[in-house]
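K.L.:
Test case, fold it:
(one chain, ligands or ions: 1)
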Amino acid sequence: MAAAVAAPGFEHMGLDGRLLRAVAELGWATPTAIQAEAIPLALEGRDLLARARTGSGKTGAYGLPLLQHLLRVKEAQASSAVAQAVRALVLVPSKELGQQVVRSLRQLAAFCARDVRVADLCAETDLAAQRPVLMEKPDVVVGTPGRVLAHLSARSLSLRHSLELLVLDEADLLLSFGFGEDIKSLLCHLPKIYQALLMSATFSADVEALKELVLHNPVTLRPPEPRLPGSSQLRQFAVRCGTEEDKFLLLCALLKLRLLRGRALLFVSTLARCYRLKLFLEQFGIPACALNSELPARSRCHVITQFNRGIYDYIVATDEEAPAAPVGQPPRKKRKGAAQSKGKDPEYGVARGIDFQNVAAVINFDVPPTVDSYIHRVGRTARADNPGTALTFALPEEQDGLARIEDALAAENGESMLQPYKFSMEEIEALRYRCRDAMRSVTKQAVKEARLREIKDELLNSEKLKVYFEDNPRDLHVLRHDKPLHPAIVKPHLRNVPEYLVPPSLRGITKPNLKKRKWLRLPRTGAGRRGSSTSRGTGNPLQSFKYARRGAKRPAAPPS
Ligand SMILES: Nc1ncnc2c1ncn2[C@@H]1O[C@H](COP(=O)(O)OP(=O)(O)OP(=O)(O)O)[C@@H](O)[C@H]1O
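P.N.:
So this is what the prediction gives:
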């Protein structure tokens, strides 16, 4: 993370002591570049348009001045008769991000929780259930534009006389998710004067249009840094695969032979592929959670929370997002109708903004559709100052897409960022037969059945999350989302990899049949998270063939 060296530390920013305590508790020693620039300006009351790379601490950059502002108002409120009111609104593009923002704001407000109340409108409860929360006039409301507008229209929320601060988080995504119209309608419910902060990982023509709508004479912050961390923190590899089978084989070798150390997010292009990959991994006894727009929001958020507690190692995610409208064209119409008719949640978003913790690697099992989508997916690793690795698997027909990404990254960084991942497939040929066997078992029908079963299970889980676990949060860990979805097709022998199938250079070193630990509860403090497994040791989770015996023929390791 690019910390601002010359900039003042948090303690010199004029922040309330309670906020400084929270910052220290989170283990934030110095402000990040964007925080160092944005916080003083926001505290002066300026409108901001801020772009900073993924994982660079944008939430703190707006969260701290927002809370500081509210604390000041509270102080004044104590001495005069100012009424309690909703003074700040944070608009987010997805429920997952909303939940995370609420969590971050509450962490930052941990020592002034009685003074500042944050309401979460992203939970999947219906409008009526959220009304009592809004009647209490929380100081901050966090929600998607659609949900906030619904409350404004139903008059369960009123901002016209009280709003003082508006934040648009992940502004580019708010538009590409089709919230443009909602935002426009929502603006009619706001007062004439308020401070606005617009945060985005990317700047596009759409964001410019939004800037015109909501910002007044803003300061534009664009720290001169590429959108992803440099190669000393984030190693990015392009893996050219000859066939679809090669992709599955390579992934199987990486995970089963423990060539890839640490936890990983695996991104695929479609829902069917999400379940295909999950079922494939199940064949080898590798549990993974699926994360996609078909699953109930409560389950999705629970998966992310549990992953961040260290309970799962792998998530297979589909980030289906509407591609941004071409430059110069108006933002797309909301895709609500189409998405909902297929049972998908238009307010779903995993690749963007979610602060997955301790992700050693992002694997693009399919090449992302756009450069932005690559940036956002890969931005889930190497967050804050942790190291990370990104591997992008590309079939011959995906090479053009990969080349576009390579060119864009090279133009941004002034050098080529994607290194070729030289892997000698011959070394893992012995696993090919098993891999083929597993792929054969994962038929279209099996995928369809797994998908249906998952939705059914997760709807039940979601209900449990609502009615039972809300009252008994200590029992939450018993609800898992990585159980096998189709045990009937699992061939038990595939779970164990006999020694003769292990590449000679790894025999006696890697332990593919060792049972993985089931539970790992990581401490939730900032300091604990930052001293994570990913940041220990060499920092390179691909320790592939580090242990290869001298003289033994070894498959090529990624260049270091
Ligand atoms: N000053 C800081 N020092 C150390 N860690 C920090 C600091 N500020 C934020 N972080 C941590 O960095 C991580 C990323 O922060 P955050 O989610 O705000 O990034 P972001 O810029 O919003 O990313 P994205 O664009 O992907 O949403 C979080 O785990 C957060 O706790």
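K.L.:
Going by C-alpha atoms from here, please, whenever you check contacts or count neighbours.
P.N.:
Fine.
K.L.:
Let me know how buried Leu166 is, in neighbour terms.
P.N.:
Summarising burial for Leu166: neighbours were counted as other C-alpha atoms under 10 Å, giving 23.
K.L.:
looking at this, it is in a strand?
P.N.:
Yes. Assigned with DSSP: H, G, I helix; E, B strand; the rest coil, Leu166 falls within a strand.
K.L.:
Please name the residues that touch it.
P.N.:
Counting by C-alpha atoms under 8 Å, 6 or more residues apart in numbering, Leu166 touches Ala88, Leu89, Val90, Leu91, Tyr194, Gln195, Ala196, Leu197.
K.L.:
Inside helices: which ones of these?
P.N.:
Among the contacts of Leu166, no member falls in helices (DSSP state H).
K.L.:
Scan those residues and report the most crowded one.
P.N.:
Leu197 (28 neighbours).
K.L.:
Residues in a beta bridge with that one, which ones?
P.N.:
Here Leu197 sits in beta bridges with Leu48, Val167, going by DSSP bridges.
K.L.:
Next: Ile363.
P.N.:
Beta-bridge partners, per DSSP bridges, of Ile363: Leu266, Leu391.
K.L.:
For it, list the residues it contacts.
P.N.:
Ala264, Leu265, Leu266, Phe267, Ala390, Leu391, Thr392, Phe393.
K.L.:
From Leu391, how far off is it?
P.N.:
5 Å (C-alpha to C-alpha, to the nearest Å).
K.L.:
distance between the ends of stretch 192-212?
P.N.:
14 Å.
K.L.:
What sits closest to the spatially most central residue of the chain if chain neighbours are left out?
P.N.:
In the chain, the centroid-proximal residue (C-alpha atoms, centre = their mean) is Ile354; its distance is 2.6 Å. Leaving aside its sequence neighbours, Ile354 sits nearest to Leu97 (C-alpha to C-alpha, 6 or more residues apart in numbering; 5.7 Å).
K.L.:
How many residues are close by that neighbour?
P.N.:
So Leu97, with other C-alpha under 10 Å, has 27 neighbours.
K.L.:
wait, what's in contact with the residue nearest to Lys448 when sequence neighbours are not counted?
P.N.:
Leaving aside its sequence neighbours, Lys448 sits nearest to Ala272 (C-alpha to C-alpha, 6+ apart; 7.6 Å). Contact analysis of Ala272 by C-alpha under 8 Å, 6+ apart lists Val447, Lys448, Arg451.
K.L.:
Just the ones of the residues you listed in strands?
P.N.:
With strands taken from DSSP state E, there is no overlap with the contacts of Ala272.
K.L.:
And these, which is closest to Glu406?
P.N.:
Closest approach between those and Glu406, by C-alpha to C-alpha: Val447, at 32.6 Å.
K.L.:
Distance-wise, check that closest one relative to the ligand.
P.N.:
Between Val447 and the ligand the distance is 31 Å, computed by C-alpha to the nearest ligand atom, to the nearest Å.
K.L.:
wait, doesn't that residue sit right on Cys274?
P.N.:
No. With contact defined as C-alpha atoms under 8 Å, Val447 does not reach Cys274; the gap is 9.0 Å.
K.L.:
Name the helix or strand for Gln181, please.
P.N.:
No, residue 181 isn't Gln; it's Glu. In this structure, Glu181 sits in helix 180-187 according to DSSP states H and E.
K.L.:
Remind me what that helix packs against, helices and strands.
P.N.:
helix 145-153 (3 or more C-alpha pairs under 8 Å, 6 or more residues apart in numbering; DSSP states H and E).
K.L.:
chain center to the helix it packs on: distance?
P.N.:
Here helix 145-153 is found 24 Å from its chain centre; the criterion is C-alpha atoms, centre = their mean, to the nearest Å.
K.L.:
those strands in the stretch 401-550 of the chain, which residues are they?
P.N.:
418-420 (DSSP state E, counting those that start in this stretch).
K.L.:
low-scoring pLDDT stretches of it, where are they?
P.N.:
Scanning the stretch 401-550 of the chain for pLDDT under 70 picks out the ranges 462-480, 488, 500, 507-550.
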